[in-house]
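Enquirer: predicted coordinates and the sequence they were generated for:
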Amino acid sequence: MKFEQLKEIYELPFFELIHKAHEVHVANWPEKEIQLCTLLSIKTGGCSEDCSYCSQSSRYKTDIEREPLMELDAVMESATAARDNGSTRFCMGAAWKGVRKGTKQFDDVLEIVRNVAGLGMEVCTTLGELGAEEAKQLKEAGVTAYNHNLDTSREHYPNIVTSHTYDDRLNTIRNVQDAGMSVCCGGILGLGETSDDRLKMLEVISEFNPQPESVPINSLMPMPGTPLAESSSVDIFDVVRMIAVTRIACPKAKVRLSAGRSNMSEEGQTMCFYAGSNSIFYGEKLLTTVNPAIKKDLKLIEKLGINPLKPNPEMDAPGQECDKELSPCCK
């Protein structure tokens, strides 16, 4: 969808907007299901990038302790526990600029992926930049989806990150799509952006061809020691509006209520679910920040009459024929 369309929708009266989004949601996701995902940091801290929101950057003085790539047994213990607690997607994140084929670290990651894929869950990874060959190897190892967020608009991006470009992000997403993996791509609210920046980001995401399989909507968790440590919290009504517009723009995608959920009331989360969110990160920790407790999450979705979505490791991304004139990731 084009920016002008998204802006018109975003500026609808609140109740009209969430009603419209709910209608789109029910039409495309009629089973009242929610995807439960677990995110594990398999390599923490020491990243060379300068993302101004991230406590794992080596350029900032934060409380995060650097940890090397986890051993296979430790990852499998966490993955098995996640599966046993009801998660149907296991996402593994590593704090580094990217991966390169032929290196020991990447070979170790591929071995971890092969083993986690054997548990029957969907496997997602977020490892930074990917080349075409690395993407193919991840797909062959069993990765279901690759997460690579755009964070914000192209115009605002240089204010947040300078160690790589917006086009670097798009190139990785193109390599992921070409390798046959589904794309998980969203953004972060609260980076000092305007509502127009948010919608310009969504314009790019909604015109991916095919559209992302999932779109995480994160609210900034200000981390001490980072340049954005003193940022104000995001208003819950802004979050709901963004969830609603994302649902309308990407009707077949899972819209994931991600970072920042620990600061939301049950009522706030419920508005997000009504407006079109049907996926959450689930567990005690989200990379380096807290996440609502498992029992609390289960109690809430039970109150709402929502059932956990079953895993689909063989899923296809929402499909459409590639139009190189329209899709930023097909150029």
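Expert: Perfect, thanks for sending it.
Enquirer: gap between the two ends of stretch 244-254?
Expert: Taking Cα to Cα, to the nearest Å, the first and last residues of stretch 244-254 lie 12 Å apart.
Enquirer: ignore what I typed, I meant stretch 110-126.
Expert: Using Cα to Cα, one end of stretch 110-126 lies 13 Å from the other.
Enquirer: show residues contacting stretch 172-181.
Expert: Stretch 172-181 is contacted from outside by 98, 128-132, 134-136, 138-139, 143-146, 148, 183, 185, 208, 210, 317, 329-330, using Cβ atoms under 8 Å, 6 or more residues apart in numbering. Just so you know, the C-beta spots here come from the backbone N, C-alpha and C atoms, and that holds for glycine as well.
Enquirer: what's the answer for stretch 49-62, then?
Expert: 44-48, 63-64, 95, 97, 128, 151, 160-164, 188, 191, 220, 222-228, 287-288.
Enquirer: give me the PyMOL select line for those residues, limited to the buried ones.
Expert: Typed into PyMOL, the line below selects the buried ones among those, using 16 or more other Cβ atoms under 10 Å:
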select buried, resi 44+45+47+64+95+128+151+160+161+164+188+191+220+223+226+227+228+287+288
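Enquirer: pull out the buried members of the contacts of stretch 172-181.
Expert: Buried subset of those (neighbour count, 16+ other Cβ under 10 Å): 98, 128-130, 134-136, 138-139, 143-146, 148, 183, 185, 208, 210, 317, 329-330.
Enquirer: so which of these are in helices?
Expert: Glu134, Ala135, Lys136, Leu138, Lys139 (DSSP state H).
Enquirer: which one among these gets closest to Arg114?
Expert: Nearest to Arg114 among these is Leu138, at 10.5 Å by Cβ to Cβ.
Enquirer: can you pull the contacts of the residue lying closest to Lys200 once chain neighbours are set aside?
Expert: Of all residues not flanking Lys200 in the chain, Ser153 sits nearest, at 3.8 Å (Cβ to Cβ, 6 or more residues apart in numbering). Contacts here follow Cβ under 8 Å, 6+ apart; on that basis Ser153 touches Glu193, Asp196, Asp197, Arg198, Lys200, Met201.
Enquirer: give me the buried entries from those residues.
Expert: Neighbour-count burial (16+ other Cβ under 10 Å) applied to the contacts of Ser153 gives Glu193, Asp197, Arg198, Lys200, Met201.
Enquirer: which of those residues fall in helices?
Expert: Asp197, Arg198, Lys200, Met201.
Enquirer: want to try a markdown table for those, with distance to Met1 and pLDDT as columns?
Expert: Supplementary listing: these in a markdown table, determined by distance: Cβ to Cβ, whole Å; pLDDT from 0 to 100:
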| residue | distance to Met1 | pLDDT |
| --- | --- | --- |
| Asp197 | 16 | 97 |
| Arg198 | 13 | 97 |
| Lys200 | 11 | 98 |
| Met201 | 12 | 97 |
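Enquirer: in CSV: those, plus distance to Gly102.
Expert: Formatted as CSV, these follow (distance: Cβ to Cβ, whole Å):
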residue, distance to Gly102
Asp197, 38
Arg198, 39
Lys200, 38
Met201, 34
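Enquirer: from those residues, which is closest to Cys124?
Expert: Using Cβ to Cβ, the shortest approach to Cys124 within those belongs to Met201, at 20.2 Å.
Enquirer: for that closest one, what are its contacts?
Expert: Leu150, Asp151, Thr152, Ser153, Gly187.
Enquirer: any chance of those in JSON lines, plus secondary structure?
Expert: Below are the contacts of Met201 laid out as JSON lines (DSSP: H, G, I helix; E, B strand; the rest coil):
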{"residue": "Leu150", "secondary structure": "coil"}
{"residue": "Asp151", "secondary structure": "strand"}
{"residue": "Thr152", "secondary structure": "coil"}
{"residue": "Ser153", "secondary structure": "coil"}
{"residue": "Gly187", "secondary structure": "strand"}
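Enquirer: what's the weakest-modelled helix or strand in the chain?
Expert: In the chain, no helix or strand scores lower on mean pLDDT, DSSP states H and E than strand 285-286, which sits at a mean of 46.
Enquirer: so which residues of the stretch 51-200 of the chain form strands?
Expert: Listed in chain order, the strands found in the stretch 51-200 of the chain under DSSP state E, counting those that start in this stretch are 89-94, 122-126, 145-147, 182-184, 187-189.
Enquirer: possible to save those strands as JSON lines with distance to Ser279 and mean pLDDT?
Expert: Below are those laid out as JSON lines (distance: least, Cβ to Cβ, whole Å; pLDDT from 0 to 100):
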{"stretch": "strand 89-94", "distance to Ser279": "8", "mean pLDDT": "91"}
{"stretch": "strand 122-126", "distance to Ser279": "11", "mean pLDDT": "93"}
{"stretch": "strand 145-147", "distance to Ser279": "11", "mean pLDDT": "95"}
{"stretch": "strand 182-184", "distance to Ser279": "10", "mean pLDDT": "95"}
{"stretch": "strand 187-189", "distance to Ser279": "15", "mean pLDDT": "96"}
